[in-house]
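Engineer: This is a predicted model, with the sequence first.
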Amino acid sequence: MSRGRLLQGDGRTHIESELMRESLVDRKVIARTHSEREFEVLPDVMLVSIGGQSIFDRGRDAILPVAEELSEARGKVKMIVGVGGGTRVRHTISVALDLGLPTGGVAQLVGAMEEANAVLLNALLAKKRSMVMQREHFWELPLYLENGMLPIVISTPPYHFWEPPAEEGPLPTHGSDFGLFILAEVLGMKKLVFVKDVDGMYDKDPKKHADAKHIKRTTLGGLFAQMPDDLPIDRQLLDAWRNARHVERVQIVNGLRRGELTRALAGEDVGTIIDRGETNA
Amino acid sequence: MPDQTNSPERRDIGGSLAGATLTSARVSGIDYDPVALMPDVKIMKVGGQSMLDRGRSAIFPLLDELVPLKDKYQMLLCCGGGTRARHIYSVASELEMPTGVLAALGGYVPRQNARMLQMLLAKHGGVFMLHDDFEKLPLYFKLGCIPIMTGMPPFGYWEKPGKDGRIPANRTDAGVFLSAEVLGVKRALFVKDEDGLFTDDPKKNPSAKHIPRIGARELLKNDLPDLILERVVIEYLTRARFCHELQIVNGLKRGQVTRALEGEDVGTIIYKD
């Protein structure tokens, strides 16, 4: 259809388009905007998440080796590094809830603790061309990545005061893992690597159960068919993945084991690999 | 399990959440007694396609109605997008852009609309504000201003992809509801060009019957193919802590907005049931 003409006659001025005069709530109208394909903005970039509690809160002995692996991979792998906030986020939330702050108020506060970790990591890696990037400035990414820079972003999505009410409880549900996942997805990335302090995923919490079995490979559908009791990544990420079109693989590696991150970045099967699989779960 | 005997330890601050997964649905041991931040604020959405795209003939009478009330009520105006948003969604969707990109693109239009209203209201204290200015609301009200902002929530590129289609699920209705919820406002007002909710589209079916009140769950249960507000808003309403009513009024009928601000049940009220 022709597009762009201005039309009047019902008291409103419309621009002619497929969606002109339509209710954007109408399911049929929404479905018309669906297609199997979706444009990939930056498909060759990888997203690496450095855990807050699992790495940063362990201090120097955990952070420095991970930082070194990142600096060695920089320039070889195009990647964005996301950081978590860790125990200071939990403390923030604990105080905020005690004060009775609304869910959106809690969500507004937590990003600051991640920013602190982004600055810490950046201080360590600045001489290796790292930089703290405002997370929504990603139209600058081609410039940074083509020049071998290592952009560091915070993970929490910018829902802030507008965090939707949760199905249960007062805690914000759109957390760090979800935020990084959406960042990867909207840019058309294929792979996320989560650097944690466990070897990946187990059928139950390995910190509590000595007989916990390690899961080497699984698929999103497999997880939903049999969800482990304890997940090292947020459930929100898995829920969002079901509707996603780009992210093919989420890998969880142990940052406390030297070299595991490097091997994951090189495409090796270390830690736990979750593949989206053929069909949507 | 991994041998972590030689691993550096996590240094927790302690407290009831130390070690907890932060997005788990339930947190035990927390006594949560929420505080309403600014319960007296009147949050109002000015519709994009329904009001702003009509231009002067719809907007001038609405502003004439609002200006004399500005010292009586703390009014926060939020703008919808309208036909320009539909146009950019249409173009971006044809280019098979991701939902998050559509949400970011769609965000420009209600901001323009908010700036237009600010220009018209400047001499009466209209101030344009961004999401980052939200914490300055008390100042604006103290100074007798009318703050005006976009209705879009700040999700932008972080808008979740939906199952079908690319239109972002959280648009200006959602942002208005969520603003009311975080401020602890009981009722959010939506100014459109119809008297509220009908059994069918009144623009296409003149015998459609007006619905003065309906519960959110009841509305969702009916599973209508089309709704007067964004679907997510009705879903959020079912689990809201503060904002328990959405009132939809006709901004083209002189006096309806005033009556709504006075607390009268004009138009349609969708309530948390």
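Structural biologist: Sure thing, it's come through.
Engineer: Report the beta-bridge partners for residue B:211.
Structural biologist: Beta bridges link residue B:211 to residue B:197, judged by DSSP bridges.
Engineer: Look at residue B:182 and say how many residues are nearby.
Structural biologist: 28 (other Cβ atoms under 10 Å in any protein chain shown). Glycine gets a C-beta too; all of them are placed from N, C-alpha and C.
Engineer: again, but for the one 4 residues further on
Structural biologist: Neighbouring residues of residue B:186 were enumerated by other Cβ under 10 Å; the total is 13.
Engineer: give the contact list for it.
Structural biologist: Counting by Cβ atoms under 8 Å, 6 or more residues apart in numbering or on different chains, residue B:186 touches B:39, B:180, B:242-245.
Engineer: Helix, strand or coil: sort out the spatially most central residue of chain B for me.
Structural biologist: What sits nearest the mean C-alpha location of chain B, by Cα atoms, centre = their mean, is residue B:176, with 1.7 Å. The assignment at residue B:176 comes out as helix when based on DSSP: H, G, I helix; E, B strand; the rest coil.
Engineer: ok, it touching residue B:190?
Structural biologist: Yes. Contact criterion Cβ atoms under 8 Å: residue B:176 and residue B:190 qualify, at 7.0 Å.
Engineer: secondary structure element for the spatially closest residue to residue B:160 that is not a sequence neighbour?
Structural biologist: Once flanking residues are discounted, residue B:160 sits nearest to residue A:240: 5.6 Å by Cβ to Cβ, 6 or more residues apart in numbering or on different chains. Per DSSP states H and E: residue A:240 is located in helix A:235-241.
Engineer: just checking, next helix/strand downstream of that helix?
Structural biologist: strand A:249-254.
Engineer: for that next one, packing partners?
Structural biologist: strand A:191-196, helix A:260-265, strand A:272-275 (3 or more Cβ pairs under 8 Å, 6 or more residues apart in numbering or on different chains; DSSP states H and E).
Engineer: ranges for the strands of the chain?
Structural biologist: Reading this off chain A. A:6-7, A:14-15, A:46-50, A:79-83, A:130-132, A:150-154, A:191-196, A:201-202, A:214-215, A:217-219, A:249-254, A:272-275 (DSSP state E).
Engineer: wrong one, I was asking about chain B
Structural biologist: Using DSSP E, strands in chain B cover B:42-46, B:75-79, B:126-128, B:146-150, B:187-192, B:197-198, B:210-211, B:213-215, B:245-250, B:268-271.
Engineer: just so I know, which of those strands lies nearest residue A:119?
Structural biologist: strand B:146-150 (29.8 Å; Cβ to Cβ).
Engineer: Give me the buried positions along that closest one.
Structural biologist: B:146-150 (16 or more other Cβ atoms under 10 Å in any protein chain shown).
Engineer: ok, which residues in the stretch 101-250 of chain B are in contact with chain A?
Structural biologist: B:101, B:131, B:134, B:153-167, B:170-171, B:174-175, B:178-179, B:181-182, B:184, B:225-232, B:236, B:239-242 (Cβ under 8 Å from any Cβ of the partner chain).
Engineer: mind checking pLDDT for residue B:224?
Structural biologist: Looking at residue B:224, its pLDDT stands at 79.
Engineer: Could you do residue A:8 as well?
Structural biologist: Value for residue A:8, per-residue pLDDT: 87.
Engineer: Report the contact partners of the residue lying closest to it once chain neighbours are set aside.
Structural biologist: Distances taken as Cβ to Cβ, 6+ apart place residue A:14 nearest to residue A:8, at 7.5 Å, with adjacent residues excluded. Residues in contact with residue A:14 (Cβ under 8 Å, 6+ apart) are A:6-8, A:20-21, B:53, B:83.
Engineer: Settle this for me: residue B:180 is touching residue B:188, isn't it.
Structural biologist: Yes. With contacts counted by Cβ under 8 Å, residue B:180 reaches residue B:188, the gap being 4.1 Å.
Engineer: Now list whatever residues contact both of the two.
Structural biologist: Common neighbours of residue B:180 and residue B:188, counting by Cβ under 8 Å, 6+ apart, are B:43, B:243.
Engineer: thought the residue nearest to residue B:160 was touching residue A:181?
Structural biologist: Yes. Contact criterion Cβ under 8 Å: residue A:240 and residue A:181 qualify, at 5.7 Å.
Engineer: Just want to know which of those two has more residues nearby.
Structural biologist: More crowded of residue A:240 and residue A:181, by other Cβ under 10 Å: residue A:181, with 31 against 19.
Engineer: Identify the residues contacting the more buried one.
Structural biologist: A:192, A:237, A:240-241, A:244, A:247, A:250 are the contacts of residue A:181 under Cβ under 8 Å, 6+ apart.
Engineer: Just among those, which is most surrounded?
Structural biologist: residue A:192 (27 neighbours).
Engineer: how about the nearest residue to residue A:182, chain neighbours excluded?
Structural biologist: That would be residue B:158: by Cβ to Cβ, 6+ apart, it lies 4.8 Å from residue A:182.
Engineer: Distance check, the one you found against residue B:149.
Structural biologist: In this view, residue B:158 and residue B:149 are 19 Å apart by Cβ to Cβ, to the nearest Å.
Engineer: still on that earlier bit, for the buried residues of strand B:146-150, which one is nearest residue A:256?
Structural biologist: For the buried residues of strand B:146-150, the nearest to residue A:256 is residue B:150 (44.5 Å; Cβ to Cβ).
Engineer: and the nearest residue to the closest one once chain neighbours are set aside, how many residues sit next to it?
Structural biologist: Leaving aside its chain neighbours, residue B:150 sits nearest to residue B:110 (4.1 Å; criterion: Cβ to Cβ, 6+ apart). Neighbourhood size, residue B:110 [other Cβ under 10 Å]: 27.
Engineer: Tell me which residues touch residue B:110, please.
Structural biologist: Here residue B:110 is in contact with B:48, B:78-81, B:85, B:150-152, B:172 (criterion: Cβ under 8 Å, 6+ apart).
Engineer: just residue B:229 next, same as before
Structural biologist: Residue B:229 neighbours (Cβ under 8 Å, 6+ apart): A:25, B:173, B:190, B:246, B:248, B:270.
Engineer: For it, give me the backbone phi and psi.
Structural biologist: phi -120, psi 160 (degrees, to the nearest 10).
Engineer: in the chain, which helix or strand is least confident?
Structural biologist: Since no chain was named, I'll use chain A. helix A:27-32 (a mean of 84; mean pLDDT, DSSP states H and E).
Engineer: actually it's chain B I care about, not the one you picked
Structural biologist: strand B:197-198 (a mean of 90).
Engineer: which strands and helices sit next to that one?
Structural biologist: Secondary elements touching strand B:197-198 (3+ Cβ pairs under 8 Å, 6+ apart): strand B:210-211.
Engineer: Tell me which other helices or strands the strand it packs on touches.
Structural biologist: strand B:197-198.
Engineer: so how far is the strand it packs on from its chain's centroid?
Structural biologist: Its chain's average C-alpha position is 19 Å from that of strand B:197-198, according to Cα atoms, centre = their mean, to the nearest Å.
Engineer: what's it in contact with?
Structural biologist: Contacts for strand B:197-198 (Cβ under 8 Å, 6+ apart): B:208-211, B:214, B:228, B:248, B:268, B:270.
Engineer: how about a cut-off of 7 Å?
Structural biologist: Residues from elsewhere that reach strand B:197-198 (Cβ atoms under 7 Å, 6 or more residues apart in numbering or on different chains): B:208-211, B:214, B:228, B:248, B:268.
Engineer: Make JSON lines from these and add neighbour count and pLDDT to it.
Structural biologist: JSON lines is the format used below for these (neighbours: other Cβ atoms under 10 Å in any protein chain shown; pLDDT from 0 to 100):
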{"residue": "B:208", "neighbour count": "15", "pLDDT": "87"}
{"residue": "B:209", "neighbour count": "10", "pLDDT": "91"}
{"residue": "B:210", "neighbour count": "13", "pLDDT": "94"}
{"residue": "B:211", "neighbour count": "17", "pLDDT": "94"}
{"residue": "B:214", "neighbour count": "17", "pLDDT": "96"}
{"residue": "B:228", "neighbour count": "24", "pLDDT": "86"}
{"residue": "B:248", "neighbour count": "25", "pLDDT": "97"}
{"residue": "B:268", "neighbour count": "24", "pLDDT": "97"}
